[in-house]
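Undergrad: Give the three-dimensional model of this entry:
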Amino acid sequence: MNRTKTMTDQWILKAVFAGILAASLPFSAAAQQSGGVSYSDQGYGPQQGDWELTLGGQGSNDKDFDAGSFGASGTLGYFVTDSWELALRQQVSFADSDTAGSRWNGSSRGAIDYHFDFERVQPFVGANFGYRYGDDTEESFLAGLEAGLKYYVKPKTFIFARGEYGWIFDDADEAEDTFDDGRFLYALGIGFNF
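TA: From the prediction side, this is the model:
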């Protein structure tokens, strides 16, 4: 008797679910015909004319909290097409210790990136050029080749990882000579298209 009741309950649940599904289909079809856009119809990633804002940060300190540093970075980009983005990047870092005192450093760069649209996952490649400055760094130009990945958690919100091979130089004649002395840089953060 118990088994028969369980089977009956399952059939009732299935019938209720099927009824709810069948009742929702006309509303879904009407929304599509009237031009209504559902969450799933929006797609993921940027479109031509969209802006992009990314934010990232890092920090560290010693075990006694006598010395520490933190940094923040941000990007403001504009999509010239669905795939090509022009961007301005700003990075600032601050460090403080008993031995070296307080100091800050920064860099400002322009970048161009090409995005490959695979819906939620969007790899990109590009290049950047800019200037670095600060209290304990020699002011100089910098350039880099970059690649990364954006994963869209919502249609216009993503987390990203970016890697870069960058090098510094004082003038155009030195740029090619210092390429071999570059270093790898990494960034993680969150971003928004609007």
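Undergrad: quick one, domains of this structure?
TA: The chain breaks down into these domains under automatic domain parsing: 2-40, 48-193.
Undergrad: helices and strands of this structure: which one bottoms out on pLDDT?
TA: Within the chain, confidence by mean pLDDT, DSSP states H and E is lowest for helix 2-33 among all helices and strands, at a mean of 49.
Undergrad: circling back: turn the domains of the chain into a markdown table, including mean neighbour count.
TA: (Each C-beta comes from the backbone N, C-alpha and C, glycine too.) Formatted as a markdown table, the domains of the chain follow (neighbours: other C-beta atoms under 10 Å):
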| stretch | mean neighbour count |
| --- | --- |
| domain 2-40 | 9 |
| domain 48-193 | 15 |
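Undergrad: and the ones you listed, which one is worst for confidence?
TA: Mean pLDDT values for these show the minimum at domain 2-40, a mean of 48.
Undergrad: what residues are up against Phe160?
TA: Applying C-beta atoms under 8 Å, 6 or more residues apart in numbering to Phe160 gives the contacts Thr54, Gly148, Leu149, Lys150, Tyr151, Ala187, Leu188, Gly189, Ile190, Gly191.
Undergrad: Quickly find the element holding it.
TA: For Phe160, the element it lies in under DSSP states H and E is strand 157-169.
Undergrad: Ser93 - nearest residue in space that isn't next to it in sequence?
TA: Ranked by C-beta to C-beta, 6 or more residues apart in numbering and with sequence neighbours excluded, the top spatial neighbour of Ser93 is Gly71, at 3.5 Å.
Undergrad: gap between the residue most central in space within the chain and Phe116?
TA: With distances taken as C-alpha atoms, centre = their mean, the chain has Phe160 as the residue nearest its mean C-alpha position (3.4 Å). Look at Phe160 and Phe116: by C-beta to C-beta, to the nearest Å, they are 14 Å apart.
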